[in-house]
Structure formats: C-alpha cells, structure tokens
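# Make a model of this:
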Amino acid sequence: MKTLLVRGEELKGLLMINEVIERVEEAFRLKALGKVQMPAKIYLFYSKYGGDLRCMPSYIEDLEVSTVKVVNSHPKNVEKGLRTVMSTVILVDPETGFPLAIMDGGHITDLRTGAAGGVAAKYLARKDSKVIGMIGAGRQARTQLAALTTIYGKLEAVRVYDISRERAQSFVEEMGKLYSGVANFKAVDSAEEAVKGADIVVTATPSRQPIVKDEWVGPGTHFNCIGADAPGKEELDPMILKRAKIVVDDMEQAIHSGEVNVPLSKGLLSEKDIHAEIGEVVAGLKPGRESESEITVFCSTGLAVQDAVTAKLAYEKAKEKGLGLYMELVLYR
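Okay, here's the model as predicted:
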C-alpha cells in the first residue's frame with residue numbers, strides 16, 4: 001500500500017462548494033445523533049509569536065472516514081507573505097490505521113468552513129435574505145460568499161468592510177467579476193455601514209474585541225461568526241448575543257474558543273443561553289429559525305468531522321483524476 005500525497009495547488013478546482021455543503025451538513029447530522037468520535041481540539045499557544053497550533057482528530061463510523069488535522073493560526077503571517085492559517089490533513093483507513101492520504105489542508109479548511117456557514121444560513125437565516133454584510137475580506141470571506149450564493153442564488157447587495165480598505169476594494173473587484181449578475185458589491189468605510197440593514201452578517205476576522213455593535217443590528221438578522229476560534233477572540237457586542245438565538249457547532253469547543261467564550265468567561269452569558277448545536281437543528285432535534293424577527297447567531301469554531309468528510313471527498317476526486325503522488329511512506333514491518 002502507498003500513501004497519496006496531494007498538494008494544495010492540486011486541490012484547487014477539485015472540490016465544488018455545493019458538494020462540500022452536502023457532506024458537511026451530513027457530518028453535522030451524524031454528530032447530533034451521537035455517531036461520531038471527535039475529541040475537542042488540542043491547543044498549543046506560541047504566545048511570543050502571537051500564534052497557536054491545533055490538533056483535530058475524528059472518526060465517523062457510518063461513513064467509514066477518519067482524519068487528523070494539524071492546523072495553525074498566526075495572524076502576523078500576513079506581514080511575512082505566509083497564510084494566516086496553514087494545515088495538513090491525514091486521511092486514515094479505520095480498519096488498519098494506514099495513512100491513505102496526506103493533503104494540504106488549506107483549501108479543505110477554507111471550503112469546509114464556508115460550507116458550515118452555508119448550512120447555518122439554510123436553517124437559521126431568513127429565506128428571503130438578499131443583503132450580505134461582510135466584516136473581513138480575507139480567504140474565509142471568499143468561501144463564505146460562495147456558500148451563501150449557493151444557498152440563495154441571486155443576491156441584491158454584498159457590502160464589504162475590512163480594516164484594510166485596499167483589501168476590501170480588491171475583494172469587491174475580484175468577487176464582482178466572479179459573481180457578475182449575482183449581486184452588487186461595494187467596499188464600505190465602516191463596519192456599521194456593512195452591518196446596518198443586512199439580512200446576513202459574516203464576521204471573519206482575528207479580532208479580540210467586539211467589532212459589531214448592538215445598536216446597529218435590527219430584527220431578523222442572522223450572523224455567521226467565523227473569526228472567533230480560540231480563547232479570547234470575539235467579534236460581536238455581547239448584547240447582541242443576549243437577545244439572539246445562539247447556535248454553535250460544538251458546545252465544548254464554543255464555550256472555550258467560540259464567539260461566546262469571552263461573554264461566558266465574564267458572566268455576561270451562561271451555557272443555558274445557547275440554544276443548540278447546528279447538528280441538532282439539522283437532525284430536527286431542535287428548531288432553527290422560528291420567526292422572521294428573530295436574531296440568530298451561528299458560532300463556528302470548526303469541527304474535525306468537517307475536515308473528515310471534505311478530505312474524503314478530495315481523496316476520491318484526486319484518485320479519479322490521477323492527481324497527487326503515491327509514496328511508500330510507512331514501513332510495513
């Protein structure tokens with residue numbers, strides 16, 4: 001047996017966001033039904049470098065898929081010409097433990113996180129959502145947008161704010177060409193301008209203090225909170241959470257590292273204020289949006305099962321298209 005090595009460049013264009021959304025939705029459902037093994041993320045903190053490293057294992061028995069992902073988050077990497085988030089995914093044969101594939105996890109992480117936002121919007125946002133406000137114009141903004149256009153089709157407006165006006169403008173120009181006829185894109189000068197009147201707000205920044213203020217948020221708004229994925233990170237005014245229906249991807253991870261982690265640590269929220277995990281909503285165990293006026297918040301920390309189903313899909317497609325390099329990586333005896 002040989003292990004398939006798949007480079008990041010080979011993964012580009014291999015996976016379609018609609019396929020990943022379907023796989024991630026099923027992974028969420030199986031998690032809610034208790035059919036996965038997924039310990040909480042393990043963190044190493046490189047404090048003097050402002051970064052961290054995480055290890056994320058999982059096994060979905062019904063789908064016969066198991067992976068381990070090692071992933072970092074170093075916001076200062078932008079200044080060094082490196083990705084903020086880099087990762088490696090190992091796809092393991094559950095029967096033997098043999099490493100079937102080792103893949104660059106960057107594109108896999110981008111897509112599966114975008115897909116989670118798409119699943120959340122499907123169950124929590126209003127069905128007539130047409131105006132998107134985006135806070136942060138990095139890599140994750142691209143896959144979040146791809147997922148939302150998959151769920152909703154044609155939109156009216158996408159308003160983009162980033163701490164770097166140049167990055168926001170570049171994003172708008174790129175996405176305007178890619179989604180020509182789908183929506184009108186505009187780079188705006190403030191987070192307030194992006195948020196006010198938006199049906200769905202996507203926050204995808206490494207912020208450690210609230211960016212979105214409570215007074216900007218009207219009834220019926222849905223939030224996909226993507227950036228808060230480590231202790232101390234937060235993007236929303238806690239008062240928004242106080243009046244919202246909060247849905248997390250995983251209760252244990254969210255409490256320690258999701259959008260709710262700081263308000264919980266300060267006693268501004270309690271665990272009882274968290275309505276459900278998204279898998280419970282997908283599986284029909286708990287309701288999603290129940291009224292047009294509800295404010296809903298999805299806290300995404302990123303789950304290992306999302307990596308597992310996306311990596312399995314990538315492996316299947318890479319083999320089908322003859323991509324990657326097979327190597328005798330493991331000693332047999």
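
# so V202 makes contact with S129?
No: using C-beta atoms under 8 Å as the test, V202 is too far from S129 to be in contact (11.7 Å). Using the backbone N, CA and C atoms, a C-beta is placed for each residue, glycine as well.

# Which residue of the two possesses the greater neighbour count?
Neighbours were tallied for V202 and for S129 using other C-beta atoms under 10 Å; the higher tally belongs to V202 (29 against 19).

# Using the three-state scheme, assign that one.
In three-state terms, and counting by DSSP: H, G, I helix; E, B strand; the rest coil, V202 is strand.

# now it, which residues is it bridged with?
Note on V202: beta-bridge partners by DSSP bridges are M134, N224.

# can you pull the pLDDT of it?
The predicted structure scores V202 at 98 on the pLDDT scale.

# give the contact list for it.
For V202, the contact set (C-beta atoms under 8 Å, 6 or more residues apart in numbering) comprises 117, 132-136, 141, 144-145, 148, 223-224, 226.

# same question, L111
With contacts defined as C-beta under 8 Å, 6+ apart, L111 is in contact with 15, 17, 20, 143, 310.

# ok so, going back, using a markdown table, please lay out the contacts of V202 together with distance to S47.
Written out in a markdown table, the entries for these read as follows (distance: C-beta to C-beta, whole Å):
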| residue | distance to S47 |
| --- | --- |
| G117 | 29 |
| I132 | 35 |
| G133 | 33 |
| M134 | 30 |
| I135 | 26 |
| G136 | 23 |
| A141 | 27 |
| Q144 | 29 |
| L145 | 33 |
| L148 | 35 |
| F223 | 29 |
| N224 | 29 |
| I226 | 23 |
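
# all strands of the stretch 51-200 of the chain, in order?
Counting by DSSP state E, counting those that start in this stretch, residue ranges of the strands within the stretch 51-200 of the chain are 51-60, 65-73, 87-92, 99-104, 131-135, 157-161, 184-187, 200-203.

# Pick the most buried one from the ones you listed.
Highest mean neighbour count among these (mean count of other C-beta atoms under 10 Å): strand 200-203, with a mean of 28.

# And the next helix or strand past it?
If you walk from strand 200-203 toward the C-terminus, the next helix or strand you reach (DSSP states H and E) is strand 208-212.

# returning to what we had before: just the contacts of V202 now: which is nearest I90?
Nearest to I90 out of the contacts of V202 is I226 (C-beta to C-beta; 24.3 Å).

# Was I right to think that closest one contacts S207?
No: with contacts defined as C-beta under 8 Å, I226 does not count as touching S207, sitting 11.2 Å away.

# Please identify which of these two sits among more neighbours.
A count of neighbours by other C-beta under 10 Å puts I226 above the other of I226 and S207, at 29 against 19.

# now the more buried one, nearest residue through space, not along the chain?
Among residues not flanking I226 along the chain, A204 sits closest, at 4.3 Å (C-beta to C-beta, 6 or more residues apart in numbering).

# and the gap between that neighbour and Y179?
With distances defined as C-beta to C-beta, to the nearest Å, the gap from A204 to Y179 amounts to 17 Å.

# of those two, who's got more company?
Set side by side, A204 and Y179 give different neighbour counts by other C-beta under 10 Å, the larger being at A204 (27 against 17).

# Wait, H222 touches T296, no?
Yes: H222 lies in contact with T296 (C-beta under 8 Å); the separation is 4.7 Å.

# Could you pull out the residues contacting both of these two?
124-125, 289.

# Alright, calling it a day.
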